[in-house]
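**Q** Okay, sequence plus prediction incoming.
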Amino acid sequence: MINRPSAALRGFRSKLFVPGARPELFDKALNGAADALSFDLEDAVLPEAKDQARANVAAFLARAAALPRRPLVIVRINAPGTPWFDDDVRALMRPGLDWLNLPKAQSAADVQHVAALLGELEAAAGLTAPVDLLVNIESAAALHRAADIGAAHPRVAGLQLGLADLYEPLGIARHDPANVHATLHALRMAAAAAGVPAYDGAYPDLADTAGFRAEAQMARRLGFAGKSCIHPRQVAPANEVFGASEEELAWAARVDAAARQAEAQGLGVVAVDGQMIDAPFVQRARHLLNASRGVTP
């Protein structure tokens, strides 16, 4: 097992999808370099395989709970209103699960409904560590309401963009960077208004490493925290793009040190590297430093 942050850490640079119907891939993914694993019970699993996939993932959770260090464990369940939703949630509420990935959310009420169910099941099972929600934004209506969705409940750990579900029914070209930038920007602003991180979704072309990296870099420039990966080969570039560089960390350390000195002197503004630094820059610098140390906000 490689050394990595504890699963208690809120957030990820890379999240690797693992089909719930492919248990032979579970240990390989567990020992890979992804910050988070997302076991999929939704799109990657045919209807006739849903029950077995759910059992596979539940068995994995029992093993994961005993590991002292592991990736963040996320399960993408089937959407509320589907025949599998209730069975998914009830089977997965056990130690070893960190987040549920909620697909097809349309409103704050959807999130509140699921959060209330989680609370009831946790109490019944005697679980003390609450399961958080990574909420997918996959429709025009959800994007319009994304800030309300993100702020709907304290369990919401982030908003995740689903471009395929959003774009394909609307005939929006995914290959046009202007389209992607506009959507990423809208989600990032909504997540910021809600006070939660934004996560970029999957890039479907496995052969286009340059395209994956370019889209990840666009998301990083907009302040996204991480990106989904559908193949292990995408994990390394995601970790690189969404990790702070040595230059960024050195800048952050200089800003933090100068700000602490200024604060001790009762000053609100300080110059670093010839640039005026005030509260927003200090906040950014300290966020980078905390993230590099595995400390969450």
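**A** Done, it's in.

**Q** where along this protein do the strands fall?
**A** For the chain, applying DSSP state E gives strands covering 14-19, 36-40, 72-76, 99-102, 132-137, 156-161, 198-200, 226-229, 270-272, 275-277.

**Q** Could you dump those into CSV and include distance to Asp148, mean pLDDT and mean neighbour count?
**A** C-beta coordinates here come from the backbone N, C-alpha and C atoms, glycine included. CSV is the format used below for the strands of the chain (distance: least, Cβ to Cβ, whole Å; pLDDT from 0 to 100; neighbours: other Cβ atoms under 10 Å):
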stretch, distance to Asp148, mean pLDDT, mean neighbour count
strand 14-19, 24, 97, 25
strand 36-40, 24, 97, 27
strand 72-76, 22, 97, 26
strand 99-102, 15, 98, 24
strand 132-137, 11, 98, 27
strand 156-161, 11, 97, 26
strand 198-200, 15, 97, 27
strand 226-229, 23, 96, 26
strand 270-272, 37, 82, 16
strand 275-277, 34, 80, 13
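
**Q** For Leu25, which of those strands is the nearest?
**A** Minimum separation from Leu25 across the strands of the chain (Cβ to Cβ) falls at strand 14-19, 5.6 Å.

**Q** With distance to Phe85 added, can I get the strands of the chain in TSV?
**A** Shown next, in TSV, are the strands of the chain (distance: least, Cβ to Cβ, whole Å):
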stretch	distance to Phe85
strand 14-19	18
strand 36-40	14
strand 72-76	12
strand 99-102	10
strand 132-137	14
strand 156-161	18
strand 198-200	22
strand 226-229	21
strand 270-272	51
strand 275-277	48
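
**Q** Spit out the contact partners of the residue nearest to Arg286 when sequence neighbours are not counted.
**A** Distance criterion Cβ to Cβ, 6 or more residues apart in numbering; nearest residue to Arg286, sequence neighbours excluded, is Asp256 at 5.9 Å. With contact set as Cβ atoms under 8 Å, 6 or more residues apart in numbering, Asp256 has these partners: Val282, Ala285, Arg286, Leu289.

**Q** Closest to Arg22 out of the residues you listed?
**A** Leu289 (38.3 Å).

**Q** What does the pLDDT read for the closest one?
**A** Leu289 is assigned a predicted lDDT (pLDDT) of 71.

**Q** what does Gly11 give?
**A** 87.

**Q** if I look at the nearest residue in space to it that is not next to it in sequence, how far off is His181?
**A** Once flanking residues are discounted, Gly11 sits nearest to Ala225: 5.6 Å by Cβ to Cβ, 6+ apart. Distance, Ala225 to His181, by Cβ to Cβ, to the nearest Å: 17 Å.

**Q** so who does the residue nearest to Leu143 when sequence neighbours are not counted touch?
**A** In space, and not counting its chain neighbours, Leu143 is closest to Ile137: 5.4 Å by Cβ to Cβ, 6+ apart. Contacts of Ile137 were listed using Cβ under 8 Å, 6+ apart, and they are Ala105, Leu143, Ala146, Ile149, Leu159, Gln160, Leu161, Gly162, Leu166, Leu187, Ala190.

**Q** Can you give me the distance of the first one to Asn136?
**A** Taking Cβ to Cβ as the criterion, Ala105 is separated from Asn136 by 6 Å.

**Q** and what of the third one?
**A** Ala146 sits 10 Å away from Asn136, taking Cβ to Cβ as the criterion.

**Q** Now tell me which helix or strand of the protein has the poorest mean pLDDT.
**A** Using mean pLDDT, DSSP states H and E, the weakest-scoring helix or strand in the chain turns out to be helix 279-292, at a mean of 71.

**Q** Residues in contact with that helix: which ones?
**A** The contact list for helix 279-292, computed with Cβ under 8 Å, 6+ apart, reads 11, 244, 248-249, 251-253, 255-256, 259, 268, 275, 296-297.

**Q** Just flag the most distant two among the residues you listed.
**A** Gly11 and Gly268 (29.3 Å).

**Q** Which one's more surrounded, the two?
**A** Taking neighbours as other Cβ atoms under 10 Å, Gly11 and Gly268 compare with Gly11 leading, 20 against 11.

**Q** Would you quantify the distance from the more buried one to Pro83?
**A** 32 Å.

**Q** can you check Val73 too?
**A** Taking Cβ to Cβ as the measure, Val73 falls 24 Å from Pro83.

**Q** sorry, back to before: can I have the buried ones of the contacts of helix 279-292 as a PyMOL selection?
**A** Only the buried entries of the contacts of helix 279-292 go into this PyMOL selection, using 16 or more other Cβ atoms under 10 Å:
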select buried, resi 11+244+249+251+252+255+256+259
